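Student: After the sequence you'll find the predicted model.
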Amino acid sequence: MASSALARPLAASMAGAAAAGMVAGAIMETGFPVPASQWLFAAGCLFLPSIGWLIATRRPDNAYGWLLLATADCLGLGALGFGLLLHLGDRGPAAVAGVVLLSLFPVFYGLSWIFIPLLFPDGRLPSRRWRAGAWLGGVAIAVYWLGILLSPDAAYEPFPFGNPLGLSGPAALAAIIMGSLGQVVAYLMGVAVLVSLVLRLRRATAAERRLLGLMIVGQTVTLGSFVLMVVSGETQHALGRMIGVMAVMTALPAVIAASVFRHNLLDIRVGIRGSRFFLVFDLRPTVDELLTEIGPELEEAEPVEQLGRLAGAVRAGLETRWAAVVLPDGTRLTAGEENGEAVLTVPAGLGHIACGPKLAGRFTAEDRRQLGALAVPVGLAIQSVALAARLVDAEEAGRRRIERDIHDGVQQQLVALIAGLELARATGARPETLTLLRDQARQTLTDLRELAAGIHPSVLSQGGLVEAVEERCSRLPVTTTVTADAGLRARRFPDQVEGALYFTASEALANALKHASASRIEVRLTHDGGRLQAVVSDDGKGFDLAATGRRGLGPLADRLSALGGALELSSTPGAGTRVRAWVPAPA
């Protein structure tokens, strides 16, 4: 099976090779003008590559479409070999090529008798018990092919130059026996598959019975028509042989086409809409098509709105009555009218997707595969919602901290300063009192500057990241070293990038002072490989990450993650702590 990117060109190439071989073989067999019966034969043969192409392009991860295309190639190349031997055959390269191609007819017959009906409708064996049967069928086809390829000239009587690869003597007899035995075993395997289809029909659901009933008819016609073709060939009955050949070539493709167009085989929805002058095949969209269609809407939507639209994509893709994206806290964003319990549920990141019943039929393996693929973007959107919520909470916590600092600190100092001024005016203050009030005013101003620096230091806006970090470290009561890459001091980066690294470094410094009892701190600022990075290391007492967590760095980690970066924390009791923060910053 091919990947999605290669599926369409590969399927088109295989179908095109089959169709070209069929048409070229038909033309070379009769020459011009080509009889109408020959065109009819070629048109009938095109059923198989067409339906194989449709299934392979719409369901590239399902083996059934590729099986049909491989069978069609054996038929088309076999027809091309037949035409080569009749029109160009000699004992040179043309004859060899013709024989090799013609020998693919047995492979076509074997695949048609055994594997196309056996793997119907989903490309899988009906049960494990058929594994041995599948191996036996494969061996029978290989023996059948090899026997025909090496049969002596007598087996190639219709052609003027016989078989240039044919064996002679006892080896020729062995080749004839191999070809005959392989054909008989492959045909009997086809009969066994027919019996298996009848047995499966008895225990199938109503929807499955419709599909299996069609395949039983097709398999019966195929096996019976092959007998008619052989008998008519032996008795020189031209009409009977033509009917047998056409039925062998078209019965199974017609059955599979009916299964797709009437019964949505493999959940491929095919309908015709529009005016009588314009026809469109309305196929069930793939995951890529669904996401491409709603991509512009997702780009413009908020994270929560994205989840609602993804729920709509799930509902449309699987054709369910309703679909819901469920967040970790139980919040549900539902497309459609949710009624009743979920029939199908799959995990999606931190949450999950729940689906109600289908509009028609039951959930298939293809539905589950498609839902699993949709769970990936849904999971990413759920993570975005969670990240956005944590950022909002962090901003709210920051606002509350600033409010508390103002209320408990600067506000109380200002109240005391105003009371002192009122008292000085009422009592006629002495110089010493005025000096004290002046010192209080200066301290209040200093505290305001410290508070403003915690919000967004002016030195960061004016001097950049390196200067701001140096200024922050210069006021620490322990030995602190700041090193930066050459040229980084003169570089400026977007405000959100510099702010994220500055406040992360500041929080790491504060933790080293409050919790680590560090005597030495090192800060390293680098810009390399498209990343702007800050590393803060201390020689403190360290801690157990599993027990303590990130010590106030969680909101900052979310902030870095929102910018496409990350925060890494490493610490061991007695061995210090190391904080590494980085964000993307192109050179």
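Tutor: Received, thanks.

Student: List phi and psi for A204.
Tutor: A204 adopts backbone torsions of phi -90, psi 160, taken as degrees, to the nearest 10.

Student: My error: substitute I521 in the last question.
Tutor: Backbone geometry at I521, expressed as degrees, to the nearest 10, gives phi -130, psi 140.

Student: Tell me who's in contact with it.
Tutor: Under the criterion of Cβ atoms under 8 Å, 6 or more residues apart in numbering, the contact list for I521 reads 473, 476, 478-481, 509, 512, 536-539. For every residue, glycine as well, the C-beta is placed using N, CA and C.

Student: Turn the residues you listed into TSV, including neighbour count, distance to G351 and pLDDT.
Tutor: Formatted as TSV, those follow (neighbours: other Cβ atoms under 10 Å; distance: Cβ to Cβ, whole Å; pLDDT from 0 to 100):
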residue	neighbour count	distance to G351	pLDDT
C473	20	42	85
L476	14	43	77
V478	17	45	84
T479	12	48	88
T480	22	44	90
T481	11	45	92
L509	22	37	84
A512	25	37	83
V536	25	35	93
S537	20	38	93
D538	27	38	91
D539	18	43	90
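
Student: nearest to L165, of these?
Tutor: Closest to L165 out of the contacts of I521 is S537 (76.0 Å), distances taken as Cβ to Cβ.

Student: What helix or strand is the one residue sitting closest to the centre of the chain located in?
Tutor: Centroid-nearest residue in the chain: A373, 5.3 Å away (criterion: Cα atoms, centre = their mean). Using DSSP states H and E, A373 falls within helix 365-405.

Student: R315: neighbouring residues, count only.
Tutor: R315 has 20 neighbouring residues, counting by other Cβ atoms under 10 Å.

Student: unless I'm mixing things up, it is touching V325, no?
Tutor: No - contact criterion Cβ atoms under 8 Å: R315 and V325 do not qualify, at 10.6 Å.

Student: ok, what's across the strand from D538?
Tutor: Assessed by DSSP bridges, D538 has beta-bridge partners I521, T577.

Student: That one and L532, how far apart?
Tutor: As judged by Cβ to Cβ, to the nearest Å, D538 and L532 stand 21 Å apart.

Student: Check F226 too.
Tutor: 73 Å.

Student: Ok, A238 next?
Tutor: 83 Å.

Student: between those two, which one's more packed in?
Tutor: The neighbour comparison of A238 against L532 (other Cβ under 10 Å) goes to L532, with 26 against 11.

Student: Which elements pack onto the helix or strand containing the more buried one?
Tutor: Taking DSSP H and E as the criterion, L532 maps to strand 531-538. Judged by 3 or more Cβ pairs under 8 Å, 6 or more residues apart in numbering; DSSP states H and E, strand 531-538 is in contact with helix 495-514, strand 520-528, strand 577-584.

Student: With respect to E208, which of the ones you listed lies nearest?
Tutor: Closest to E208 of those is strand 577-584 (Cβ to Cβ; 52.7 Å).

Student: For that closest one, buried residues please.
Tutor: Using 16 or more other Cβ atoms under 10 Å as the test for burial, strand 577-584 gives 577-583.

Student: same thing with stretch 226-235?
Tutor: 226, 228-229, 232.

Student: Name the next helix or strand downstream of the helix or strand harbouring A26, please.
Tutor: Element membership for A26 (DSSP H and E) is helix 4-30. Sequence order places helix 36-45 as the next helix or strand after helix 4-30, per DSSP H and E.
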